[in-house]
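**Q** Here's a sequence, model it:
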Amino acid sequence: MTERFIFNGEEKQVTGIDENGYGPLIGPLIITGIRLILPYDSIYSTTRYILNFHKSIKDSKKVFKRSKRSYIIGESIALSILKSAGYNIESFHSLLFSSSDPTPLDLTDFKLPTWQDQKHIDDFLLPQHIKVDKIHIEVFQAKRFNDFVERYNNKSFLDFYGFKLVRDKLNADVYMMGKIGGTNNYQKFFELTKEYPEVILEEKEVSYYKMNDQKMYFLLNGDEMYLPLMLAGIIGKYVRELYMKAICERFGLFGDVPFASGYRHDRNTEILKGRIEENHMSKYFIRTR
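**A** Numbers count the residues shown, from 1 in each chain. Below is the predicted model:
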């Protein structure tokens, strides 16, 4: 399998793209891209086995686990990645304005770090031979999310479209993206964005396309295996949790971690939903699908 990923020994720009918050009832969908410069021979070489990156860098769902201790670790990793990319982040709003096209909502700003002390930020810096070049974040707040899904009647295409927006911002030699709902064939999505890449491979584990000398991979469970996707996922999860903190506090709900996760299985989400509805703000924060 690894022969499909050969870089011919050259240093390459590799952009990892991942999404966070595809399924919740409340809060934004975050799609994050991180562009790395890697002097390795293959995408396979971006795995933990080859790079030996810090053991705390993993799938974002395993980093942020609804406990303050896990949020401390997750925030440390996220801010150290941002710092290594040259971003001077001092507050929630400054993070949005420096790395994304922010969607203006009446959400309180607050200083970062919010869950831990500044002195621990450097604990998770990446090895020097891994260069973090640039980060871009697309935020789909509930209204933007709902309007898009209503227009196309396809949540999966929203993910793909967000990936496309990030690809446009972070031009690279190679794009590594997670599989969207287990999809193997992405040609229908490319057609909707008026792109017509060459199809190299469409299988369960890897869907691979080439377009204008750029390689695009959709990888099954990529956020559990590959550094670019892990880093994108951690940044995106961090931004989503900051949003959830701001949304909860906007409606008077506080806690050591965000009061509600925004997911339907969380009973606190129902409390937050009630507060939002009481204030007639549903269209800004609650998703219809």
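
**Q** Next, count neighbours for the nearest residue to residue 152 once chain neighbours are set aside.
**A** Across the structure, with CB to CB, 6 or more residues apart in numbering as the measure, the residue nearest residue 152 apart from its sequence neighbours is residue 158 (7.3 Å). The C-beta positions use only the backbone N, C-alpha and C, and glycine is treated the same way. Here the count is done by other CB atoms under 10 Å, and residue 158 has 22 residues near it.

**Q** tell me which residues of the helix or strand where residue 74 lies are tucked away?
**A** Taking DSSP states H and E as the definition, residue 74 sits inside helix 68-84. Residues of helix 68-84 classed as buried under the neighbour-count rule (16 or more other CB atoms under 10 Å) are 70-82, 84.

**Q** what does stretch 246-265 give?
**A** Using 16+ other CB under 10 Å, the residues of stretch 246-265 that count as buried are 246-251, 253, 257-262.

**Q** Of those residues, which belong to helices?
**A** 246-250 (DSSP state H).

**Q** from those, which is closest to residue 178?
**A** Proximity of these to residue 178, judged by CB to CB, is greatest for residue 247, which lies at 24.9 Å.

**Q** okay but that closest one is in contact with residue 107, surely?
**A** Yes. The pair formed by residue 247 and residue 107 meets the contact definition of CB atoms under 8 Å, at 6.7 Å.

**Q** Distance to residue 14 for the buried residues of helix 68-84 - can I get that in JSON lines?
**A** Compiled in JSON lines, those are given as follows (distance: CB to CB, whole Å):
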{"residue": "70", "distance to residue 14": "27"}
{"residue": "71", "distance to residue 14": "28"}
{"residue": "72", "distance to residue 14": "29"}
{"residue": "73", "distance to residue 14": "25"}
{"residue": "74", "distance to residue 14": "23"}
{"residue": "75", "distance to residue 14": "25"}
{"residue": "76", "distance to residue 14": "24"}
{"residue": "77", "distance to residue 14": "19"}
{"residue": "78", "distance to residue 14": "19"}
{"residue": "79", "distance to residue 14": "22"}
{"residue": "80", "distance to residue 14": "19"}
{"residue": "81", "distance to residue 14": "15"}
{"residue": "82", "distance to residue 14": "18"}
{"residue": "84", "distance to residue 14": "15"}
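
**Q** Closest one of those residues to residue 227?
**A** With CB to CB as the yardstick, the closest approach to residue 227 among these comes from residue 81, at 10.7 Å.

**Q** nearest residue to the closest one other than its sequence neighbours?
**A** If you skip the residues right next to it in sequence, residue 81 has residue 231 as its closest partner in space, 5.7 Å away by CB to CB, 6+ apart.

**Q** Show me what the helix or strand hosting the one you found is packed up against.
**A** Element membership for residue 231, per DSSP H and E: helix 227-250. Helices and strands in packing contact with helix 227-250 are listed as strand 12-20, strand 29-38, helix 60-63, helix 68-84, helix 92-99, strand 131-140, strand 174-178; criterion 3 or more CB pairs under 8 Å, 6 or more residues apart in numbering; DSSP states H and E.

**Q** Just the CA trace of whatever helix or strand comes next after that helix, in PDB.
**A** Secondary structure here is assigned by DSSP H and E; on that basis, the next helix or strand after helix 227-250 toward the C-terminus is helix 267-278. Extracted C-alpha coordinates of helix 267-278, given in PDB (Å, rounded to 0.1, in the frame of the first residue of the first chain):
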ATOM      1  CA  ARG A 267     -28.600  15.800  29.200                       C
ATOM      2  CA  ASN A 268     -27.000  19.300  29.700                       C
ATOM      3  CA  THR A 269     -27.500  19.900  26.000                       C
ATOM      4  CA  GLU A 270     -31.300  19.900  26.600                       C
ATOM      5  CA  ILE A 271     -30.800  22.500  29.300                       C
ATOM      6  CA  LEU A 272     -28.800  24.700  27.000                       C
ATOM      7  CA  LYS A 273     -31.300  24.200  24.200                       C
ATOM      8  CA  GLY A 274     -34.100  25.400  26.500                       C
ATOM      9  CA  ARG A 275     -32.100  28.600  27.400                       C
ATOM     10  CA  ILE A 276     -31.500  29.300  23.700                       C
ATOM     11  CA  GLU A 277     -35.200  28.800  22.800                       C
ATOM     12  CA  GLU A 278     -36.300  31.000  25.800                       C
END
